[in-house]
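Novice: Structural data only, the sequence is not supplied:
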Ligand SMILES: Nc1ncnc2c1ncn2[C@@H]1O[C@H](COP(=O)(O)OP(=O)(O)OP(=O)(O)O)[C@@H](O)[C@H]1O
Ligand SMILES: [Mg+2]
């Protein structure tokens, strides 16, 4: 699904990612953990194709294809989805209108007709029920005045609507209350299949209790310094990052 | 307006040139250039006007000669040479006795290009149209349906002949000839325009609509519109403009007067799409318009405008809230791109007690354009409990454009409640990336963000106009991000 080779990326000539290798296969869940500022969100943005980040070395292959030259929307059309750590407000544009535009633009890129309104409404109903979202909420301006938790739940609603191949969830758990965390995690699990893959970026074990990862990676200073199974996350929860930093520096 | 699909939009976005920038070769009868008393008389004679109208024009011409062009607006342009303009141009093919079938096929083809084929409009939209091509009204539809309700909707030239008592009574009462330089000029030389009268207690059953268009090179266009809503009546009036592209600047100086008598309501919506000039700032229409409405007791006038065209715009649709409890509203979207300059806003003059006004202005600037909001809220000493709410939002795209707000408030009554809010924002990289990440390309993302920004005003437009307006917003901002 996703193969990253020796990826170096910088912003404003400042190197942030310093040689990342990562392979995510279809059907897998990978967790990426690591201290603040280690480059987790940067990695997510680079995969999604944010222009201000420059890839200086290495490459990213999506289903075998080098996506270096693809614009962010083209990557989205190929099934890359990013649940943002800080979702952006778009005043005056309702969640529904935004989703309708996103879905139809993606369909258009694939040479398909617009989704019929009937199907769109049905899908909206199903997905909002799955994530226990009040339908009134969907006519509000996108992210404007949403609480932290509402924003995150809305990101996963969008993921559910777009049915991506590769979903990257950047700290989707932060801001969610205990019940919301369960609802959102269950939603993600329902969307999982053997044909798609999920990368969860998180600081806390509790999300991984629900979305159980096949692999856990620790990012430190722009590099993956340790990889392991779900057990690694428990170890980090208990011991913090210092021991890993020491290992690296040793 | 038929259903507008995304594909239509994509097709349109491909055409980089101004969409309506074609020129139809219709034989025109054009007066020699220049302006003097003889030309004013000749216009009046050509239109077979009665003596009083000729005198009215000559009076206005006298006033105009003594006036100078205003310079206070925040716009820069080469002043038009008023002696280099031809003041009358009529498509020769017009004959009032002809039916639509007899109309010059070139003209009909032109309507088609504009998407306003009269036949189609007749059937589809429940919209009665009075189409002004250059100066003479060539086709009026729905006259019969309207006639049954006693509604008069015709060209102003016809009205001068057929309803002189109404025209005489109201023409120039809201915008006096000496009001300003352009209004005086218009009063002297106005070529044609629309006239509308809604009788007492009648609710006009359809949207009334006029499409304007400048066709003949080097001709100024001076429309005159007069709408009278008698006591307790209601009318919604739509005005849409497109103009073919030209290299020289073309002058457009219209006057619109609205009169809402006791308990009447007028909704006046405009989509203005005159040629804005090319990407280098060459050409384009000078749009110097005076629009004003008078509200008697409990009356309401609502101006809604979507301004995307013209090289230079100077326009302040205003309300004189003369009657107690009268209401004035102004909803505006003004888009400027490339080298366009717009100085637009409104005046709300509160004279009566318990009068209320609302101003919502959305300015969108891109390229190297300058976009100014200029508004006056005036509360007279006897206007007890007057209320105004103003909101002026500016959206900037890029670093080379300008947005300016000039709100003036003059309150002479202590009971007045005036609120003013203003915001300036930029379309953020983060917003664009967020949209891109969801599969929406940058052009579409900007359209989405701009539509969201303008929503409060777009919502005020009649349905079929709102779709058109959204399309225009997208087209006019095309290529504004690199
Ligand atoms: N646009 C930018 N300009 C300058 N520095 C940046 C930019 N984006 C990221 N950085 C820097 O890159 C480093 C990595 O940031 P990133 O957001 O990827 O960290 P993170 O691992 O997601 O942290 P957190 O756990 O706090 O979310 C930080 O030092 C950050 O300040
Ligand atoms: Mg982060």
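Specialist: Nice, I can see it. Nothing here was measured: the structure is a model prediction, and the numbers come from that model. Ligands and ions are numbered 1, 2, ... in the order given.
Novice: count of residues packed around the one residue in chain B that gets nearest to ligand 2?
Specialist: Proximity of chain B to ligand 2 (C-beta to the ion) peaks at residue B:430, 14.0 Å away. The way it works is simple: take the backbone N, C-alpha and C, and place the C-beta from them, glycine included. Other residues within reach of residue B:430, judged by other C-beta atoms under 10 Å in any protein chain shown, total 14.
Novice: got a list of what it touches?
Specialist: By C-beta atoms under 8 Å, 6 or more residues apart in numbering or on different chains, residue B:430 lies in contact with residue A:88.
Novice: at contact distance from ligand 1, anything in the host helix or strand of it?
Specialist: Assigned by DSSP states H and E, residue B:430 falls within helix B:429-437. No. For helix B:429-437 and ligand 1, the contact criterion (C-beta under 6 Å from any ligand atom) is not met; the two come no nearer than 9.6 Å.
Novice: If you count neighbours, what's buried in that helix?
Specialist: B:431-437 (16 or more other C-beta atoms under 10 Å in any protein chain shown).
Novice: List of residues touching whatever helix or strand residue A:47 lives in?
Specialist: According to DSSP H and E, residue A:47 maps onto helix A:40-48. For helix A:40-48, contacts defined as C-beta under 8 Å, 6+ apart pick out A:2, A:4, A:7, A:9, A:11, A:16-17, A:20, A:32-34, A:53, A:55, A:60, A:72, A:75-76, A:80, A:82, A:85, A:166, A:168, A:170, A:199, A:201, A:219, A:222, B:437.
Novice: angle of the next helix or strand after it against helix A:40-48?
Specialist: Sequence order places strand A:53-62 as the next helix or strand after helix A:40-48, per DSSP H and E. Relative orientation of strand A:53-62 and helix A:40-48, computed by axes from the mean of the first three to the mean of the last three C-alpha atoms, to 10 degrees: 60 degrees.
Novice: Could you report the separation of residue A:201 from chain B?
Specialist: Per C-beta to the nearest C-beta, to the nearest Å, residue A:201 is found 15 Å from chain B.
Novice: among the buried residues of helix B:429-437, which are in reach of chain A?
Specialist: Restricting the buried residues of helix B:429-437 to those adjacent to chain A (criterion: C-beta under 8 Å from any C-beta of the partner chain) gives B:431, B:433-437.
Novice: Tell me the helices and strands packed up against the host helix or strand of residue A:200.
Specialist: Using DSSP H and E, residue A:200 sits within strand A:197-201. Applying 3 or more C-beta pairs under 8 Å, 6 or more residues apart in numbering or on different chains; DSSP states H and E, one finds that strand A:197-201 makes contact with strand A:29-33, helix A:40-48, strand A:166-170.
Novice: Give the burial count for residue B:454, as a bare number.
Specialist: Using other C-beta under 10 Å, the number of residues around residue B:454 comes to 26.
Novice: From residue B:393, how far off is it?
Specialist: 9 Å (C-beta to C-beta, to the nearest Å).
Novice: Pull up the overlap in contacts between those two.
Specialist: Joint contacts of residue B:454 and residue B:393 (C-beta under 8 Å, 6+ apart) are residue B:362.
Novice: for residue 202, what are its contacts?
Specialist: No chain was given, so I picked chain A. Residue A:202 is in contact with A:31-33, A:169, A:171-173, A:208, counting by C-beta under 8 Å, 6+ apart.
Novice: Wait, chain B was what I had in mind.
Specialist: B:149-151, B:230, B:233-234.
Novice: repeat that with 6 Å
Specialist: Going by C-beta atoms under 6 Å, 6 or more residues apart in numbering or on different chains, residue B:202 touches B:149, B:233.
Novice: quick one, phi/psi of it?
Specialist: Torsion angles at residue B:202 (phi, psi; degrees, to the nearest 10) stand at phi -90, psi 130.
Novice: pLDDT score assigned to it?
Specialist: Residue B:202 carries a pLDDT value of 96.
Novice: same check, this time on residue B:334
Specialist: Predicted confidence (pLDDT) for residue B:334: 91.
Novice: Same question for residue B:61.
Specialist: Looking at residue B:61, its pLDDT stands at 93.
Novice: That one is in what secondary structure piece?
Specialist: Assigned by DSSP H and E, residue B:61 falls within helix B:51-66.
Novice: mind listing what residue B:362 touches?
Specialist: Shown in contact with residue B:362 (C-beta under 6 Å, 6+ apart): B:333, B:393, B:454, B:457.
Novice: Who wins on neighbours among those residues?
Specialist: Per-residue neighbour counts (other C-beta under 10 Å) across these peak at residue B:333, which has 28 neighbours.
Novice: Write out the residues of chain A neighbouring ligand 2.
Specialist: A:40-41, A:85 (C-beta under 5 Å from the ion).
Novice: if we take those, which one ends up nearest to ligand 2?
Specialist: Among the residues of chain A next to ligand 2, and counting by C-beta to the ion, the member closest to ligand 2 is residue A:41, at 3.1 Å.
Novice: Quick check: the gap between that closest one and ligand 1.
Specialist: Look at residue A:41 and ligand 1: by C-beta to the nearest ligand atom, to the nearest Å, they are 3 Å apart.
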